[in-house]
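Novice: The following comprises the amino acid sequence and a computationally predicted model.
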Amino acid sequence: MMHTARLEEILEFEALGLASPAAVAEALAPALEARGLRLMDLHGVVLRREVPALARYLVSARLRDDLVELAVIGKGVKRRSAAGEPARVLGLMRALWRGGFGEDRALTIPEPLALVPEPPMLLQAEVPGPTLECWLDDPLPAIGAVRLAGRWLAKLHAFDVGDLPPLAVVDEAAKLRACAERIGATHRRSNERSHALAQRLTGLLAGLDDVRSVLTHGDFQAGNIIIAENAVAAIDFDHAALAAPARDLGYFAAQALTRMYVRTNSMTTGWPWAAALREEYLRHRPDGDRGFSAYVARTMLEVLYYRLGKSPIAALPLVPVWLDWCEEMLANAERELR
C-alpha cells in the first residue's frame, strides 16, 4: 500500500487541522477491507480552507484482479466542537445509512466510512453532483429538485430516533439571546427591537413543546443539498438535533429568502423555493409544519447574527429591513399558533 505525499502537502493539511494522507489511509484501510477492497494508493487535495476544512482523497484500491478508484471526502471539525462530536456524527450517519438512506438512491446521504482519530476527521464517500447553491442566481429551473429535497426531509423526520445514538436538544432561548445581543451591539438603534423580537420568539418556540420532536438536520440549506439526476443527497449532519419538524422547514425557507435577497434586494425571490419544499413535504407529513413562521423569523435573526460577525460593515444595511421581515413572520406565527 502506498500513501505518498509531498512535504508541502503534509504541511498544508496540518495547518488546516486536516489529517495527513497517511493518517487517512490508516483509518480508511479497515473500512475498505470490510468491503473486499485492498487500499493501494491515496492522494489528497484541499477543497475548502475555511473551518471546518474539507479535503478530497483519490483512492486506488484492488478488488481481486481489478483496480477500483474511489473519491472520499474528509471533513475537519469546527473550532469549538465538543469532544466526541465527529464520532457522534459518524454514528448518526451510520444509523441513517443502515436505516434506509443507503439503499434508497433517490433520497440518500454520503456513505459514512471511517473516523480519523487525530486530528479528528470524518471520512465519507463523495456524492457526485452540484449543490442547490448553483441555482441561487436562477432559482426557478431548480423547483423540481427543491420538491425532491422536501421529500428527503419528510423521510428524515419519519426516521425512528430509537435507533439513533443520543441526540442534542436545541437551546433556542440561548441562541436567540446571543443573536439579539450581537445585533443590538452592532446596530445600536436596533438594540431594543432585536431583544423584543428574541423574547417574543422564545415564548412562541417554547409554546411548541406539545409538538412531537423528530430528528432534524439543523442546517438544511442549499449548500448542503446535492442534486443528481432524479436524486437528492443531504450532507453535513453536525447540527442534527431533536426538535420540532418546522425547525428544518423554516430554516430552509429563511436561508433561501436571505441568500437570494443579497443577490436581488428582494425577499420575494426566495419564496418559490420555500413554498415548493414546504408543499412537497406536507404531501408526505401533512401536519409537520406547525411553527413554520416562527422558525423562519428565528433563522433570519440567526443569519443576521452570523453576517454581522463575519462582515459587519456589509451586513449593517440589512438589519432594519430583515428585522421588518422578522416582525412580519412573527406576526404570522402568532396568528398561526393561537
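Specialist: Looks like it arrived, so ask away. Remember, it's a predicted structure, so these values are computed and weren't measured experimentally.
Novice: And the next helix or strand past the helix or strand hosting residue 249?
Specialist: Assigning secondary structure by DSSP states H and E places residue 249 in helix 246-264. Proceeding N to C from helix 246-264, the next assigned helix or strand is helix 271-284, under DSSP H and E.
Novice: Does the following helix or strand past that following helix pack against any helices or strands, and if so which?
Specialist: Going down the chain from helix 271-284, the next helix or strand is helix 292-310, by DSSP H and E. When contacts are defined as 3 or more CB pairs under 8 Å, 6 or more residues apart in numbering; DSSP states H and E, helix 292-310 packs onto helix 172-186, helix 191-206, helix 246-264, helix 312-315, helix 318-336. C-beta here means a position set from N, CA and C on the backbone, and glycine is covered the same way.
Novice: could you say what helices and strands the helix holding residue 249 packs with?
Specialist: Helix 246-264 packs on helix 143-157, helix 271-284, helix 292-310, helix 318-336, going by 3+ CB pairs under 8 Å, 6+ apart.
Novice: any chance of the helices and strands packed on helix 292-310 in CSV, with mean neighbour count, mean pLDDT and distance to residue 77 too?
Specialist: Compiled in CSV, these are given as follows (neighbours: other CB atoms under 10 Å; pLDDT from 0 to 100; distance: least, CB to CB, whole Å):
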stretch, mean neighbour count, mean pLDDT, distance to residue 77
helix 172-186, 18, 96, 20
helix 191-206, 18, 96, 28
helix 246-264, 23, 97, 22
helix 312-315, 13, 94, 26
helix 318-336, 17, 95, 30
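Novice: what angle sits between the helix holding residue 249 and helix 191-206?
Specialist: Interaxial angle, helix 246-264 versus helix 191-206 (axes from the mean of the first three to the mean of the last three CA atoms, to 10 degrees): 140 degrees.
Novice: Now do helix 246-264: distance to the chain's middle.
Specialist: The chain centroid and the centroid of helix 246-264 are separated by 13 Å, computed with CA atoms, centre = their mean, to the nearest Å.
Novice: now that helix and helix 172-186, what's the angle there?
Specialist: Relative orientation of helix 246-264 and helix 172-186, computed by the same axes, to 10 degrees: 20 degrees.
Novice: Restricting to C-alpha, output helix 246-264 in CSV.
Specialist: Extracted C-alpha coordinates of helix 246-264, given in CSV (Å, rounded to 0.1, in the frame of the first residue of the first chain):
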residue,chain,number,x,y,z
ALA,A,246,-40.7,23.1,11.4
ARG,A,247,-37.1,23.8,12.5
ASP,A,248,-35.8,22.4,9.2
LEU,A,249,-38.7,23.8,7.1
GLY,A,250,-38.3,27.3,8.5
TYR,A,251,-34.5,27.2,8.3
PHE,A,252,-34.6,26.2,4.6
ALA,A,253,-37.1,29.0,3.8
ALA,A,254,-35.2,31.7,5.7
GLN,A,255,-31.9,30.7,4.1
ALA,A,256,-33.4,30.8,0.6
LEU,A,257,-35.1,34.2,1.3
THR,A,258,-32.0,35.8,2.8
ARG,A,259,-29.4,34.4,0.3
MET,A,260,-31.5,35.4,-2.6
TYR,A,261,-32.1,38.9,-1.0
VAL,A,262,-28.4,39.7,-1.1
ARG,A,263,-28.5,38.9,-4.9
THR,A,264,-31.7,40.7,-5.8
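Novice: Run a quick neighbour tally on residue 36.
Specialist: When neighbours are counted by other CB atoms under 10 Å, residue 36 registers 11.
Novice: what's the answer for the one 3 residues further on, then?
Specialist: Here the number of neighbours of residue 39 (other CB under 10 Å) works out to 22.
Novice: in stretch 29-49, what counts as buried?
Specialist: 29, 31-32, 37, 39-44, 46 (16 or more other CB atoms under 10 Å).
Novice: Can you pick out the most distant pair from those residues?
Specialist: 37 and 46 (24.7 Å; CB to CB).
Novice: Can you pull the domain assignment for the protein?
Specialist: Listed domain ranges for the chain are 7-125, 132-336 (source: automatic domain parsing).
Novice: Among the helices and strands packed on helix 292-310, which comes closest to residue 73?
Specialist: It's helix 246-264; of those, that one is closest to residue 73 (CB to CB) at 21.8 Å.
Novice: what residues are up against residue 67?
Specialist: Neighbouring residues of residue 67 by CB atoms under 8 Å, 6 or more residues apart in numbering: 40, 60-61.
Novice: Please repeat the previous calculation with a cut-off of 10 Å.
Specialist: Taking CB atoms under 10 Å, 6 or more residues apart in numbering, we find residue 67 in contact with 40-41, 60-61.
Novice: Can you flag which of the residues you listed belong to strands?
Specialist: With strands defined by DSSP state E, the entries of those inside them are 40-41, 60-61.
Novice: Next, give me the two most distant ones among the residues you listed.
Specialist: Top of the distance list for the ones in strands among the contacts of residue 67 (CB to CB): 41 and 61, 8.5 Å.
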